[in-house]
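[1] Show me how the following folds:
(chains A, B, C, D and E, ligands or ions: 4)
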Amino acid sequence: AGGTETASDSDYEYIKNNGKMVIGITEYQPMNYYDENGTLTGFDTEFAQAVCEKLGIQAEFQIIDWDTKETELKSSNIDCIWNGLTVTEERRGNMDFTTPYLANKQCVVINSADADKYTDIASLSSALMSAESGSAGETAIQSATELASVSYTASASQADALLALNAGNYDAIVIDYTMAKASCGQGDYSNLMIVENIPMASELYAIGFRTGSDMTGHVNEVIKEMVADGSLKAIADKYELTELYEEALNQ
Amino acid sequence: METFIKVTLQLAGGFGTTLALFFLTLLFAIPLALLFAVFAGSSIKPLKYLMRAFIYIIRGTPLLLQLMIVVYLPGIAFNAPLTKWQIFGGNVATSYFCGALFAFVVNYACYFAEIFRGGIENIPKGQYEACAVLGMTRSQTFFRVILLQVIRNILAPMSNEVVTLVKDTALARTVSVVEIFFAASELLRVQFIIWPLFYTGVFYLGFSALVTLLFNMAEKKLSKYWK
Amino acid sequence: METFIKVTLQLAGGFGTTLALFFLTLLFAIPLALLFAVFAGSSIKPLKYLMRAFIYIIRGTPLLLQLMIVVYLPGIAFNAPLTKWQIFGGNVATSYFCGALFAFVVNYACYFAEIFRGGIENIPKGQYEACAVLGMTRSQTFFRVILLQVIRNILAPMSNEVVTLVKDTALARTVSVVEIFFAASELLRVQFIIWPLFYTGVFYLGFSALVTLLFNMAEKKLSKYWK
Amino acid sequence: MAILEVKDLKKNFGNTEVLKGISFTMEKGEVLSIIGSSGSGKTTLLRCLNFLETADHGTISVEGKTIYDGESAVLRSEKQIRKNRLNFGLVFQQFNLFPQYSVLRNLTLPPELNASKEDINNSGGKTAFRKQLETKGMELLTRIGLAEKKDSYPCELSGGQQQRVAIARALMLTPDILCFDEPTSALDPELTREVLQVIKDLKNSNNTMIVVTHEMDFARNVSDRILFMSDGYVAESGAPDKLFNAPETAALKSFLNNSLN
Amino acid sequence: MAILEVKDLKKNFGNTEVLKGISFTMEKGEVLSIIGSSGSGKTTLLRCLNFLETADHGTISVEGKTIYDGESAVLRSEKQIRKNRLNFGLVFQQFNLFPQYSVLRNLTLPPELNASKEDINNSGGKTAFRKQLETKGMELLTRIGLAEKKDSYPCELSGGQQQRVAIARALMLTPDILCFDEPTSALDPELTREVLQVIKDLKNSNNTMIVVTHEMDFARNVSDRILFMSDGYVAESGAPDKLFNAPETAALKSFLNNSLN
Ligand SMILES: Nc1ncnc2c1ncn2[C@@H]1O[C@H](COP(=O)(O)OP(=O)(O)OP(=O)(O)O)[C@@H](O)[C@H]1O
Ligand SMILES: Nc1ncnc2c1ncn2[C@@H]1O[C@H](COP(=O)(O)OP(=O)(O)OP(=O)(O)O)[C@@H](O)[C@H]1O
Ligand SMILES: [Mg+2]
Ligand SMILES: [Mg+2]
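    Ligands and ions are numbered 1, 2, ... in the order given. Next up is the predicted model:
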């Protein structure tokens, strides 16, 4: 079964009729998060609001459990996932992606106390490592020959991986650079740091729609306009993501 | 100190959802359980066996799974996504909440139904016979004589089950209901503060202590009349 | 069909972990619960009250929270991360499993302890007095006369609690124990197949049916001797 | 005319015939004791009279009116039965008071629930009707010596006191015939005396009563007539002196032999 | 020499004095009935003799040997008490058989657990010892007429049968003095007869017994001596005929008045 058949003719019409698009997110700095005043903000939030405005629909953000995002999308409880979603080949089998709008690279995060111990990829060879189960980070660890002998355990989410790293349950984890950038040095994670000179595979962020949805095309149109008029770059600048934005454009 | 107050307030917000889920579950599950108990004790064989099978299945599978079925299955299997049902105005968060509530209500109704059935079966036959001999109708017998005795019988097992409900509300986070536990993990994900996760324990403990206290008071009240 | 078999096998792998968690919890929680029950009924006041307070706290907070405390708190608060304890060779998955097992054992020991206490208190005083008058020692009284009666008394509540344990094992996934539910969500995350999530229900249902059956058989066996 | 006439009453439980054809009559004001060994069907007979069991065959007539006929479906309907059973009162072995109500409320609740709108109107409204019931209840409590216990709950009373309250509760509905099923068998000897005294007093105020009892002394001294049941039949019946001094059947002889001494 | 001598036994529960100084003696083979109204301390006295309660003051001597002295800490130690209480056997109102064991096992378990290594060796090993106990158990069961029930479980027996088994269980330990606390009060009249018959038989085989009872007929016909307790004292004692026909104290007169009739 697949939920798209309801809107069999056009997902776009279906969403237009609803008057709103339900956008699945998790709270994740700097993409979608609540600021001090309790308003939802972030790069993806502002981006999505701008796109919806141009399409003449309302954006309704719904916090979901990242574990079950495919289920949420398939069951049509949400209409898209717009939350720093990495484009992967496996995921392509399960949803359609728009044009990528940001580059995403994976990076290694460790406790600062280990800064001298883990300096390059070779030094990690006997470390306890983790990444989100099924994530790009997991692929990165499993495909790196230098890391063939690490003790790897999957975490249920990137947030879980961070928490377990902080608790010392792991020596190093591999997560999205954007997330690592936002969390390392903050709050209780002040003791965490990114190991900058371990290069990891780089991927792209895009918006995920149900397979076969014509929304993909409509949103792609709007993205093209926003790239052209510079408004997307303006949002990227605001959240200090300019570098990743430009990298995406170049690919 | 300031963060402490801010965190407490934020958790209290999530706790409001926990409380709503808790009280609404009780409100709907109790009458439903009465109905289930009546069905399960019915003299109409197919109804009785269907009801018992249903109760058996619900009690035999994790609530976690039932929550997922309610929230995802309508969309996946029947093309009727829960969030598009326009429940109470169609707000998505409300839809999730109602879905979770539905799963909780059905699940707890099954547990309560078993307790009710036990409570009713424990009433001595002599009480019914005394009522019959004194010319009371069936409904008079039930409402004027039996009911309060049933309530007394079930207070202790209900107390256990209701405390379990307090803690089970934490499962709602898996279907995107922002209750206190979800609120705490939000603080972790966005502000990177860990301790609120553990601090939620205080809320649960306080609430289950309160529930236990209320049940003990009710029990004391009723034991005044008869041992 | 082929996927069905593949998925079933993969789930069965996770189910092995579920079973291990289940049986090991029972194995350790039951003797621990006996100890707890003895402490909670002890005549040494501080021991008694400490034990009761501990039981009260454990029963009043979600197991979910207790799992997180066991897995994360040692590292966060005491700089002694669970995975570095070299439990059974220091494999990370083993460490997590043992941590989860520890939380389950302590949690269930508290529930079982309350059941044991109830079962012991329900033995008529006359049984102890008959033993005393017939010259038996305390330990003879307990092991030769009282124990089997206690077992009979607690079978029904234990049956409920053990079925709850079957379902609670699903919570272990939150601390990275790859039990059946985790296995199913892995299938979802990695291979994007949804139905195994619902299919796990069959495993749980079958297992809890089996447990209920065994308890009913035990009860029948014991009721043969006395009502 | 006989106040009660029972004709050829039969009752089976599955394959066991418990009552094999019981017939007897009673006059107004008479006290009838039913004796017999365990399992002879005494309790079953009382339960059939009170419609707690439905007899399979036979008739029951009160003051000449047939209130039960094994062959008549009409008389076996639930509504009819509820009406007709008020001809009888029944006091149980285990008292069966309502634990959640005070002693006085135990007495007033059943007549209040049985009252028709007319009854209430005739007494001048709900409050007045309640008052009347309470007055009547207090009279009965005074008669059985428990006036000062009116606000107590059943669990606060001794067994003997509970049984006396149960008797008063049955009397509140002024049944034509009051039945007792071993009313003292759950009591110890001292409490037994209290309850038997109350039954004696009822005899003196001319109540019609059927008492199933194991207390041979009581059966002998208080009852006008004794019915000895054996194996589902009335094996022998008559005045106490006759039965105790000159039993005719072997069954009664052996029963008396076992019960006395 | 008296087989039992009780001197000035006193027992308080908190502020209530229940036994205020009880003294009496018993000869071997004597049957002593204790009567008295409810709350007079009969049960408490039996429980003190069996060390289920610890008396506060006074002495208990069996065959001239003091086995309890309120002033002696040694005699109050747990081990000493366990040994000394075997001088007495006690049969309870509620039987208290072990539900999970068959009738015969109920009889053989206590002596088996009480046996010392020597006892077992003397009988030629464990199996032989067990055999002996079973033979003894069967003898007792035959005496009380329950030989064919040896493999039944207590719940399968009537109350009277259960009480007879409880008596046999107490006899297995061959106590010097067998005590009964209202052994028939939980039974209905027919079953009561069975049990009282067994006690009569025991008297005939010369057992020494103390029986707390409400059955005045039994006390009168079977006991050699009666002890009337009132308010924590032995108010009167003596031969049954004397007590029943010529009571001296007002308390006994009023008690007899209430109990008979
Ligand atoms: N509901 C029932 N189902 C099956 N058999 C029954 C039922 N009630 C009574 N009996 C059987 O009917 C017979 C007569 O029972 P009943 O209780 O009337 O005897 P009783 O004379 O009152 O005896 P007791 O003196 O022991 O009270 C007994 O053999 C009993 O087992
Ligand atoms: N464990 C106890 N704690 C406090 N008071 C007690 C205890 N046991 C007995 N009593 C009190 O001691 C008094 C005598 O009780 P006991 O049971 O010895 O009387 P009894 O003569 O056996 O009466 P009955 O004929 O009712 O059995 C009563 O007032 C009773 O309430
Ligand atoms: Mg009967
Ligand atoms: Mg007593």
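[2] mind checking how far residue D:29 is from residue B:149?
    According to Cβ to Cβ, to the nearest Å, residue D:29 and residue B:149 sit 38 Å apart. The C-beta positions use only the backbone N, C-alpha and C, and glycine is treated the same way.
[3] try residue A:165
    Per Cβ to Cβ, residue A:165 is found 58 Å from residue B:149.
[4] Tell me which of the two has more neighbours.
    Between residue A:165 and residue B:149, counted using other Cβ atoms under 10 Å in any protein chain shown, the more crowded position is residue A:165 (26 against 20).
[5] Please work out how many residues are found near residue A:192.
    The number of residues packed near residue A:192 is 20, by other Cβ under 10 Å.
[6] The residue lying closest to it once chain neighbours are set aside: what's it in contact with?
    Residue nearest to residue A:192 in three dimensions, not counting chain neighbours: residue A:184, with 4.6 Å by Cβ to Cβ, 6 or more residues apart in numbering or on different chains. Going by Cβ atoms under 8 Å, 6 or more residues apart in numbering or on different chains, residue A:184 touches A:109, A:192-194.
[7] Nearest to residue D:117, out of those: which one, please.
    Closest to residue D:117 out of the contacts of residue A:184 is residue A:192 (80.6 Å), distances taken as Cβ to Cβ.
[8] beta partners of that closest one?
    Assessed by DSSP bridges, residue A:192 has beta-bridge partners residue A:111.
[9] wait, what's in contact with it?
    For residue A:192, the contacting residues are A:109-112, A:162, A:165-166, A:183-185, by Cβ under 8 Å, 6+ apart.
[10] interface residues of the stretch 1-150 of chain A facing chain C?
    A:67-68, A:70-71, A:74, A:90-91, A:93-94, A:128, A:133-134 (Cβ under 8 Å from any Cβ of the partner chain).
[11] now do 7 Å
    Listed as neighbours of chain C in the stretch 1-150 of chain A under the rule Cβ under 7 Å from any Cβ of the partner chain: A:67, A:70-71, A:74, A:90, A:93-94, A:128, A:133-134.
[12] any idea which of those residues is closest to residue E:232?
    Nearest to residue E:232 out of the residues of the stretch 1-150 of chain A next to chain C is residue A:67 (Cβ to Cβ; 75.0 Å).
[13] and the closest one, helix, strand or coil?
    Using DSSP: H, G, I helix; E, B strand; the rest coil, the structure places residue A:67 in helix.
[14] where does chain A dip in pLDDT?
    By pLDDT under 70, the low-scoring segments of chain A are A:1-9.
[15] Which residues of it lie near chain B?
    Counting by Cβ under 7 Å from any Cβ, chain A comes close to chain B at A:1, A:3, A:5-6, A:22, A:27-29, A:33-34, A:60, A:62-65, A:71, A:74-77, A:159, A:163, A:183, A:186-189.
[16] So which of the residues of the stretch 1-150 of chain A next to chain C belong to strands?
    Residues of the residues of the stretch 1-150 of chain A next to chain C located in strands (DSSP state E): residue A:128.
[17] ok, back up a step: buried ones among the contacts of residue A:192?
    For those, a burial check counting by 16 or more other Cβ atoms under 10 Å in any protein chain shown picks out A:109-111, A:162, A:165-166, A:183-184.
[18] any chance of those in TSV, with distance to ligand 1 too?
    Below are these laid out as TSV (distance: Cβ to the nearest ligand atom, whole Å):
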residue	distance to ligand 1
A:109	76
A:110	78
A:111	76
A:162	69
A:165	71
A:166	70
A:183	74
A:184	78
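[19] what's the least confident helix or strand in chain D, going by average pLDDT?
    When the helices and strands of chain D are scored by mean pLDDT, DSSP states H and E, helix D:78-84 comes last with a mean of 81.
[20] tell me the SS of the spatially most central residue of chain A?
    For chain A, residue A:84 is the residue whose C-alpha lies nearest the centre (Cα atoms, centre = their mean; 2.3 Å). At residue A:84 the chain is in strand, as set by three-state DSSP.
[21] Hmm, it is touching residue A:178, no?
    Yes. Here residue A:84 lies in contact with residue A:178, judged by Cβ atoms under 7 Å, at a distance of 5.9 Å.
[22] and for those two, which residues touch both?
    Shared contacts of residue A:84 and residue A:178, defined by Cβ atoms under 7 Å, 6 or more residues apart in numbering or on different chains, are found at A:31, A:104.
[23] returning to what we had before: biggest separation within the residues of the stretch 1-150 of chain A next to chain C, which pair?
    Every pair of the residues of the stretch 1-150 of chain A next to chain C checked by Cβ to Cβ; the farthest is A:74 and A:128, at 34.3 Å.
[24] Residue 150: what's it in contact with?
    Answering for chain A, as no chain was given. A:124-127, A:129, A:141.
[25] Wait, chain B was what I had in mind.
    Taking Cβ under 7 Å, 6+ apart, we find residue B:150 in contact with B:119-120, B:123.
[26] Secondary structure, pLDDT and distance to residue E:63 added to these, as JSON lines?
    What follows is these, written out as JSON lines (DSSP: H, G, I helix; E, B strand; the rest coil; pLDDT from 0 to 100; distance: Cβ to Cβ, whole Å):
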{"residue": "B:119", "secondary structure": "helix", "pLDDT": "87", "distance to residue E:63": "57"}
{"residue": "B:120", "secondary structure": "helix", "pLDDT": "87", "distance to residue E:63": "59"}
{"residue": "B:123", "secondary structure": "coil", "pLDDT": "87", "distance to residue E:63": "55"}
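[27] residue ranges of the helices in the chain, please?
    Just going to use chain A. Here chain A has its helices, by DSSP state H, at A:11-18, A:43-55, A:69-74, A:89-92, A:136-143, A:158-166, A:177-183, A:215-228, A:231-238, A:242-250.
[28] should've been chain D
    Counting by DSSP H, the helices of chain D are D:42-49, D:78-84, D:103-114, D:117-122, D:126-143, D:159-171, D:189-204, D:216-222, D:240-245, D:250-259.
[29] Ligand 1: which of those is closest?
    Between ligand 1 and the helices of chain D, the shortest gap by Cβ to the nearest ligand atom is with helix D:42-49, which sits at 3.0 Å.
[30] thinking again about what came up before, go through the least confident helix or strand of chain D and flag the buried ones.
    With the criterion 16+ other Cβ under 10 Å, helix D:78-84 contains buried residues D:80-82, D:84.
[31] which among these gets closest to ligand 2?
    Ligand 2 lies nearest to residue D:82 out of the buried residues of helix D:78-84, by Cβ to the nearest ligand atom, at 41.4 Å.
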